[in-house]
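Undergrad: here's my sequence, what's the structure:
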Amino acid sequence: MATKADDIKQSEEWQKAVSYEIRDEDIERQKQLIGFEEPGKMAQYVQTLSHDSIRNWSYGCGDDNPLFTDPNYARRTRWGDAIAPGMMIGQVGKPLLGDPTPDEIRALKKSLFRGIHVFVSGADWEFYRAAYPGDTIYTFSGEESCEVKQSEFAGRSVINVRRHVNMNQRGDVVSVYRVLSVLTERKTAAKKGKYSAIEPKVWTDEEFAAIEEVYAAEQVQGPAKRWAEEVAIGSALGRQAKGPLTVTDVVCFHAGGYGFVPYAPTVGRRAHKNRKRIAPFYVKNEYGVPDVAQRLHWDPVWAQAIGNPMAYDYGVMRENYLWSYLNDWAGDDAIITKVHDEIRKFNYMGDVQFVTGEVVGKRTEYGNELVDVVVRFTNQRGEETIKSTATIALPSKARPLPLYPPVPEALAEKAVKMMARHRELGGD
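TA: Numbers count the residues shown, from 1 in each chain. Okay, here's the model as predicted:
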């Protein structure tokens, strides 16, 4: 019996959407872009932080930690006010003014990997200072690497790493965010259908009650110091649950401030302009309406049409869930300095993620007592969907309030120059 996904596959629109191929020419052009850094010119949904935007982002990630959501509580902490969750900064940004893009760079980027599907497969974060309400975030970024691999999901794929340097309105570096993106051909994924045999999980009342028990047992370290001297290698970070994933989770993540820039799906007249700007990003749905290709995160018909059994989350959602888990364990006075994560499996609608972690190392660096941890997300099928390592500076008897690591001198200098040029050109 034909499904709606089968009907879509028969349409001319679908045939066009999956006809785009990864071309050798595009790979070579991508490699030529390595080393070129440019100011971030796209406006994110949130450009200047506020108590409201920080709280809404936290709630969109399922995080009710008062350090982020309650200014009255946060003012009594070492920070003196609510601060933004570290990974939120990757989705905050005001356009940074800079010199015109050289013609040769514009030519390399024009229609690059047109119509090719992109998903986030991991990231590396370095954190250098807190971001507060009133801080405006600006970004400059550039490609660091390009590699061609064979993907188990979609055959030939391209792995790109792009570095984003996030700074505040004073030119102070807040964080560095390296994003690992995987580019795949939609038609290859659709033909392979590697995960098509996965059945949606239907939870019994008893099974769901067990998940609720995990939620009920979760603890937030909060104002109580987690002393480095009392943490041993092998110490567990506790167990948390994330999910089961619903479309509501995805809606709340967008409502919290996730704008999916540079594609920036939107509504009405702005959607009309967006369709003119990036036509291949819009593919007709079963009602004949051009809709965003990213709808595979909530539209099971489109997800099935391109080779997935059902809709799935954004990788960046689980990255932010990871941040919440780490911060819940570390406490208000600790500082997460580095995070590396690998997104190894899709998180489908109905899937639950159980998050566990342990301390695997201890050391002293720049006067801080650091712990290295490993964190894993495991779904109800027993599959490890995320593996992460992180470094956290904990309070110690010698330094009860740990400090952020120093910004590398060359990076700090580059940020100051980018901000100075922004102001010369009339920027705020």
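Undergrad: and Glu384, how many neighbours?
TA: Glu384 sits with 12 neighbouring residues when counted by other C-beta atoms under 10 Å. From N, CA and C alone the C-beta is placed, and that goes for glycine too.
Undergrad: the one 5 residues further on now?
TA: Burial of Thr389, expressed as a neighbour count using other C-beta under 10 Å, amounts to 17.
Undergrad: average pLDDT across the helix or strand that contains Glu144?
TA: In the assignment (DSSP states H and E), Glu144 maps to strand 138-151. The pLDDT scores in strand 138-151 average 93.
Undergrad: low pLDDT regions in the chain?
TA: 1-18, 151-154, 187-194 (pLDDT under 70).
Undergrad: go again with 80.
TA: Low-confidence segments of the chain, defined by pLDDT under 80, are located at 1-19, 150-155, 186-196, 306.
Undergrad: Gln219 in helix, strand or coil?
TA: Secondary structure, DSSP: H, G, I helix; E, B strand; the rest coil: Gln219 is coil.
Undergrad: mind checking how far the helix or strand where Glu38 lies is from the chain centre?
TA: Element membership of Glu38 [criterion: DSSP H and E] is strand 37-39. Here strand 37-39 is found 20 Å from its chain centre; the criterion is C-alpha atoms, centre = their mean, to the nearest Å.
Undergrad: tell me what that strand is packed against?
TA: Identification of packing neighbours for strand 37-39 by 3 or more C-beta pairs under 8 Å, 6 or more residues apart in numbering; DSSP states H and E yields strand 138-151, helix 409-424.
Undergrad: orientation of the longest one relative to strand 138-151 in degrees?
TA: Taking axes from the mean of the first three to the mean of the last three C-alpha atoms, to 10 degrees, one finds helix 409-424 and strand 138-151 inclined to each other by 120 degrees.
Undergrad: contact partners of helix 409-424?
TA: 37, 39, 96-99, 138, 140, 165, 167, 169-173, 176, 407 (C-beta atoms under 8 Å, 6 or more residues apart in numbering).
Undergrad: the same query, at a cut-off of 7 Å, please.
TA: Identification of contacts with helix 409-424 by C-beta atoms under 7 Å, 6 or more residues apart in numbering yields Pro39, Leu96, Leu97, Gly98, Asp99, Tyr138, Phe140, Val165, Met167, Gly171, Val173.
Undergrad: could you find which two of those are furthest from each other?
TA: Asp99 and Val173 (20.5 Å; C-beta to C-beta).
Undergrad: settle it for me: which of the two has more neighbours?
TA: Neighbours per residue, other C-beta under 10 Å: of Asp99 and Val173, the larger number sits with Val173, 20 against 10.
Undergrad: could you pull up the contacting residues of the more buried one?
TA: Tyr128, Val165, Met167, Val407, Leu411, Ala412, Ala415.
Undergrad: quick one, what contacts the residue nearest to the spatial centre of the chain?
TA: By C-alpha atoms, centre = their mean, the mean C-alpha position of the chain lies nearest to Val316, the distance being 2.6 Å. Counting by C-beta under 7 Å, 6+ apart, Val316 touches Val120.
Undergrad: any idea how far it lies from Phe260?
TA: Distance, Val316 to Phe260, using C-beta to C-beta, to the nearest Å: 9 Å.
Undergrad: all helices of this structure, in order?
TA: Counting by DSSP state H, the chain has helices at residues 4-10, 12-17, 24-32, 51-60, 66-69, 71-74, 103-109, 186-192, 205-217, 247-255, 268-277, 300-305, 315-330, 409-424.
Undergrad: coming back round to it: just the CA trace of the strand holding Glu144, in CSV.
TA: Taking Å, rounded to 0.1, in the frame of the first residue of the first chain, the C-alpha atoms of strand 138-151 are listed here in CSV:
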residue,chain,number,x,y,z
TYR,A,138,29.4,39.1,17.3
THR,A,139,31.1,36.3,15.4
PHE,A,140,33.8,35.8,12.8
SER,A,141,34.4,32.4,11.3
GLY,A,142,36.3,30.4,8.7
GLU,A,143,36.7,26.9,7.3
GLU,A,144,39.4,24.9,9.0
SER,A,145,39.3,21.5,7.2
CYS,A,146,37.5,19.5,4.5
GLU,A,147,37.6,15.7,4.2
VAL,A,148,35.8,13.2,2.0
LYS,A,149,34.6,10.0,3.5
GLN,A,150,32.2,7.1,2.9
SER,A,151,29.2,7.5,5.2
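Undergrad: strand partners (parallel or antiparallel) of that strand?
TA: Applying DSSP bridges to the sheet, strand 138-151 is found paired with strand 37-39 (antiparallel), strand 155-167 (antiparallel).
Undergrad: any chance of these in a markdown table with mean neighbour count and distance to Ser388 as columns?
TA: A markdown table is the format used below for these (neighbours: other C-beta atoms under 10 Å; distance: least, C-beta to C-beta, whole Å):
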| stretch | mean neighbour count | distance to Ser388 |
| --- | --- | --- |
| strand 37-39 | 18 | 27 |
| strand 155-167 | 20 | 17 |
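Undergrad: which of those strands sits closest to Arg381?
TA: Using C-beta to C-beta, the nearest of the strands paired with strand 138-151 to Arg381 is strand 155-167, at 23.5 Å.
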